[in-house]
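K.L.:
predicted model and sequence below, questions to follow.
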Amino acid sequence: MTRDAGPTPPSDRIVALDALRGVALLGILLINVWSFSMPEQTLLNPTIYADGAVYGEFAGANYWAWAFSHVFAQNKFITLFSALFGAGILLFIESKEEKGQDAVRLHYRRTAILIAIGLMHAYLLWYGDILVAYGVTALVVVAFRDLDARQLAGVGAVFLLFLPVTELLAAVSLGGDAIASQWAPAESVLREQVATYRGGWIGQLDHRVSSSISRQTSGYISGSFWQVGGTMLLGMALYRVGAMTGERSSSFYRRLVALGVVGLAITVAGVAYIQANDWSADAALYWRQFIYVGSFPLAGGYLGLVMLYARRRPDGPVTRGLAAVGRTAFTNYLLQTVIATTVFYGHGLGLFGSVTRVEQLGFVAAVWAAQIVLSVAWLRYYRFGPVEWVWRTLTYGEKQPMRNPE
């Protein structure tokens with residue numbers, strides 16, 4: 001074992017990769033705010049409405065606020081974040097192996113800690129947690145770590161085909177009945193959920209626990225595992241070819257940006273399709289394929305844009321600000337939940353179901369500004385975010401240095 005067997009020091013970090021992670025972390029709030037502030041069924045069907053909740057006014061500025069988030073963010077930033085997580089697995093293992101450590105054992109240990117934190121996040125704060133799915137999937141995809149980039153991409157593609165194939169089979173065989181109860185739930189169900197999250201923390205447990213269990217069992221096995229796993233494998237492939245670390249040519253990243261335009265067109269076509277079919281359940285499973293397929297090239301476009309910008313302005317304030325958020329992504333992910341549940345849930349301001357989609361965007365912008373400023377300020381004095389420090393300390397079994405050298 002080498003002398004320095006701890007985490008990667010800040011001086012050795014890849015700024016472009018951190019900036020990309022920061023963009024992904026901030027971007028996912030554009031979609032997560034929907035489930036923080038509205039019934040979870042609105043993630044599937046944005047037109048559903050509960051009496052007494054203002055979010056359902058799906059017209060005018062509210063419609064365009066939804067359209068902006070849907071087209072540019074829905075499934076795009078979580079795709080980018082998942083790919084980054086996959087790349088991070090290989091980066092971690094390679095770093096530990098270079099230091100003569102048992103990389104796979106450390107991977108399993110840090111992943112078990114991630115799952116434990118995710119379980120607390122899901123059951124104590126917010127059912128929309130992604131950490132548990134990431135952790136469990138990471139235990140599986142690490143088995144493919146020795147494959148080359150082409151092989152990783154091939155296995156990832158097989159994973160990613162599972163969801164659209166099963167959904168299209170359901171659409172052909174069952175039609176709208178396959179998702180009717182989720183697509184058009186009874187208004188009483190929506191009202192009950194609004195009342196639950198406007199109430200106290202104890203009262204929220206009924207919905208939060210049941211929804212978390214569903215997401216982590218049947219929802220994970222039938223959907224999340226395949227999508228998250230496939231995307232992680234693609235991220236590992238992109239890392240293998242140097243795309244995630246800014247090592248490719250500018251022309252390579254410009255081609256990714258051009259590919260992003262294709263993804264944007266697919267997503268917009270999906271909106272036209274579902275609207276032409278009057279938001280019917282029969283069309284919904286087909287619409288989901290536009291979202292799913294379009295998200296991958298558009299996420300690639302974002303990757304290209306960030307890498308090109310970071311290459312042009314590596315020490316600029318925007319790059320450094322985004323990189324600071326990326327370096328503290330674990331802390332910032334949980335901080336988003338703490339802020340949002342304090343604002344929208346009944347143990348805080350109790351605004352659940354009572355903010356418009358335009359106001360949701362204002363909330364997102366405010367959180368973005370706060371997180372960028374706080375992340376930059378924190379890293380002036382400390383090596384890691386507070387949650388990152390706990391994660392690393394538990395992973396290595398010894399207290400990690402927290403403050404930056406004087």
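P.N.:
Looks like it came in fine.

K.L.:
let me know the secondary structure of Ala237.
P.N.:
At Ala237 the chain is in helix, as set by DSSP: H, G, I helix; E, B strand; the rest coil.

K.L.:
what's the neighbour count on it?
P.N.:
27 (other Cβ atoms under 10 Å). From N, CA and C alone the C-beta is placed, and that goes for glycine too.

K.L.:
which ones are touching it?
P.N.:
Residues counted as contacts of Ala237 (Cβ atoms under 8 Å, 6 or more residues apart in numbering) are 149-150, 152-153, 156.

K.L.:
quick one: buried ones out of the residues you listed?
P.N.:
Buried subset of these (neighbour count, 16 or more other Cβ atoms under 10 Å): 149, 152-153, 156.

K.L.:
in helices only, show me those.
P.N.:
Within the buried ones among the contacts of Ala237, residues falling in helices by DSSP state H are 149, 152-153, 156.

K.L.:
could you redo the residues you listed as TSV and give each row distance to Leu91 and pLDDT?
P.N.:
Converted to TSV, those look like this (distance: Cβ to Cβ, whole Å; pLDDT from 0 to 100):
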residue	distance to Leu91	pLDDT
Ala149	14	97
Leu152	14	98
Ala153	18	97
Gly156	17	98
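
K.L.:
tell me the one of those nearest Leu106?
P.N.:
Leu152 (21.0 Å; Cβ to Cβ).

K.L.:
relative to Lys76, how far out is that closest one?
P.N.:
21 Å (Cβ to Cβ, to the nearest Å).

K.L.:
give me the element the most centrally placed residue in the chain is part of.
P.N.:
By Cα atoms, centre = their mean, the chain has its centre lying nearest to Ile78, at 3.2 Å. Element membership of Ile78 [criterion: DSSP states H and E] is helix 76-98.

K.L.:
chain center to that helix: distance?
P.N.:
On the basis of Cα atoms, centre = their mean, to the nearest Å, helix 76-98 sits 13 Å off its chain's mean C-alpha point.

K.L.:
quick one: the helix or strand that it is followed by to helix 76-98, angle?
P.N.:
Where DSSP H and E defines the elements, the next helix or strand beyond helix 76-98 is helix 103-124. For helix 103-124 against helix 76-98, the angle by axes from the mean of the first three to the mean of the last three Cα atoms, to 10 degrees is 150 degrees.

K.L.:
now helix 103-124 - C-alpha only, PDB.
P.N.:
Output of helix 103-124 as PDB, limited to C-alpha atoms (Å, rounded to 0.1, in the frame of the first residue of the first chain):
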ATOM      1  CA  ALA A 103     -10.400  -1.400  -4.900                       C
ATOM      2  CA  VAL A 104     -13.400  -3.700  -5.200                       C
ATOM      3  CA  ARG A 105     -13.700  -4.200  -1.500                       C
ATOM      4  CA  LEU A 106     -13.600  -0.500  -1.000                       C
ATOM      5  CA  HIS A 107     -16.200  -0.100  -3.700                       C
ATOM      6  CA  TYR A 108     -18.600  -2.500  -2.000                       C
ATOM      7  CA  ARG A 109     -18.000  -0.800   1.300                       C
ATOM      8  CA  ARG A 110     -18.700   2.800   0.000                       C
ATOM      9  CA  THR A 111     -21.700   1.500  -1.900                       C
ATOM     10  CA  ALA A 112     -23.200  -0.100   1.200                       C
ATOM     11  CA  ILE A 113     -22.800   3.200   3.000                       C
ATOM     12  CA  LEU A 114     -24.400   5.000   0.000                       C
ATOM     13  CA  ILE A 115     -27.400   2.600   0.200                       C
ATOM     14  CA  ALA A 116     -27.700   3.200   4.000                       C
ATOM     15  CA  ILE A 117     -27.800   6.900   3.500                       C
ATOM     16  CA  GLY A 118     -30.300   6.500   0.600                       C
ATOM     17  CA  LEU A 119     -32.600   4.400   2.800                       C
ATOM     18  CA  MET A 120     -32.600   7.100   5.500                       C
ATOM     19  CA  HIS A 121     -33.200   9.800   2.800                       C
ATOM     20  CA  ALA A 122     -36.100   7.800   1.300                       C
ATOM     21  CA  TYR A 123     -38.000   6.900   4.400                       C
ATOM     22  CA  LEU A 124     -37.300  10.000   6.600                       C
END
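
K.L.:
so what's the gap between that helix and the chain middle?
P.N.:
17 Å.

K.L.:
same deal with stretch 231-245?
P.N.:
With Cα atoms, centre = their mean, you get 17 Å for stretch 231-245.

K.L.:
then stretch 219-232?
P.N.:
For stretch 219-232, the distance to the chain centre is 13 Å (Cα atoms, centre = their mean).

K.L.:
other SSEs contacting the longest helix along the chain?
P.N.:
Using DSSP H, we find that the single longest helix of the chain is helix 281-312. If contacts are counted by 3 or more Cβ pairs under 8 Å, 6 or more residues apart in numbering; DSSP states H and E, helix 281-312 sits against helix 15-37, helix 76-98, helix 149-173, helix 180-183, helix 225-240, helix 250-276, helix 317-327.

K.L.:
try 6 Å
P.N.:
Under the contact criterion of 3 or more Cβ pairs under 6 Å, 6 or more residues apart in numbering; DSSP states H and E, helix 281-312 touches helix 15-37, helix 76-98, helix 149-173, helix 180-183, helix 250-276.

K.L.:
so which elements touch the longest one?
P.N.:
Which is helix 250-276. Checking 3+ Cβ pairs under 6 Å, 6+ apart, helix 250-276 ends up next to helix 281-312.

K.L.:
poorly predicted segments of the protein, please.
P.N.:
Applying pLDDT under 70 to the chain flags residues 1-13, 52-53, 56, 406.

K.L.:
I appreciate the help and will end here.
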